[in-house]
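Visitor: Just need the structure, nothing else, for what follows:
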Amino acid sequence: MALDSAHLNAGQQHQPEFAAMSPNHKIPLLVDSGQAIFESGAILIHLADKAGRLLPRDGAARSTVLQWLFLQVASVGPMLGQLWWFRHGAVAGPRNEQALERYGREVHRLYGVYEQRLASSAWLAGASYSIADIATWPWLASHHELGLDMAGYPAVSTWLERIAQRPATQRGMAQAKGE
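Guide: Numbering: from 1, shown residues only. Predicted structure coming up:
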């Protein structure tokens, strides 16, 4: 069952067949060899383990990747998503300045966390590009939509550009744009 925005707008994610695989009724959902895997972080871990790439098999290096992945999942996605919503999605009624201030402050704090990390590390989890970088890049690359001035985040800006230049990123972005 492939779902796109037309299917989602029609509510097909609430059909029993989909809900049995994704109890939160959300995408993404990956079905691999008959196993349904929901949630982006879980999908990335599954694919990295399966491929034997982008996530160390064990030890401290694996833990470091997972910590940075979970920071994206638990904080970056929700906070940047909320800021985006209150800037662009909430069109009914007056702008919620309190929400914009609260989420704006938290987004700046998070960019500061990443700035500090990337000022001393080429990649989020250390010396190697990983699923933590893959999961975080699209969110931090949305700074222009969030109205963030990147002058205070030179290490983040360099990291964003380095990932944007990766051939796989370019192919993925072209595919997402339908090119």
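Visitor: From here on, just use CA atoms for contacts and neighbour counts.
Guide: Will do.
Visitor: if you count residues, which helix in the protein comes out on top?
Guide: When every helix of the chain is counted residue by residue (DSSP state H), the longest turns out to be helix 97-120.
Visitor: how is this structure carved up into domains?
Guide: Following automatic domain parsing, one finds the domains of the chain at 5-51, 60-170.
Visitor: quick one: residue 82 from residue 138, how far?
Guide: Distance of residue 82 to residue 138, computed by CA to CA, to the nearest Å: 15 Å.
Visitor: Neighbour count: the two, which is higher?
Guide: Between residue 82 and residue 138, counted using other CA atoms under 10 Å, the more crowded position is residue 82 (19 against 16).
Visitor: measure the more buried one to residue 75 for me?
Guide: Note on residue 82: its distance to residue 75, by CA to CA, is 11 Å.
Visitor: repeat for residue 130
Guide: Taking CA to CA as the measure, residue 130 falls 18 Å from residue 75.
Visitor: Have a look at the two and say which one is more surrounded.
Guide: Counted by other CA under 10 Å, residue 130 and residue 75 do not tie: residue 130 has more neighbours, with 23 against 14.
Visitor: Check whether the more buried one really touches residue 47, as I assumed.
Guide: No. Counting by CA atoms under 8 Å, residue 130 does not reach residue 47; the two are 11.7 Å apart.
Visitor: now the strands for the chain?
Guide: Counting by DSSP state E, the chain has strands at residues 29-32, 35-38.
Visitor: ok, so what distance separates residue 113 from residue 149?
Guide: Distance, residue 113 to residue 149, by CA to CA: 16 Å.
Visitor: more crowded one of those two?
Guide: Shown here are residue 113 and residue 149; by other CA under 10 Å, residue 113 has more neighbours (13 against 10).
Visitor: Low-confidence bits of the chain, can you list those?
Guide: The model of the chain has pLDDT under 70 over residues 1-5.
Visitor: make it 50
Guide: Within the chain, no range satisfies pLDDT under 50.
Visitor: What are the boundaries of the helices in the protein?
Guide: Taking DSSP H as the criterion, the chain carries its helices at 5-9, 16-21, 40-51, 59-71, 77-84, 97-120, 131-140, 143-146, 154-164, 167-176.
Visitor: and of these, who's closest to residue 30?
Guide: Of all the helices of the chain, it is helix 40-51 that lies closest to residue 30, at 6.8 Å by CA to CA.
Visitor: Just want the angle from that closest one to helix 59-71.
Guide: Inter-element angle recorded for helix 40-51 and helix 59-71: 150 degrees (by axes from the mean of the first three to the mean of the last three CA atoms, to 10 degrees).
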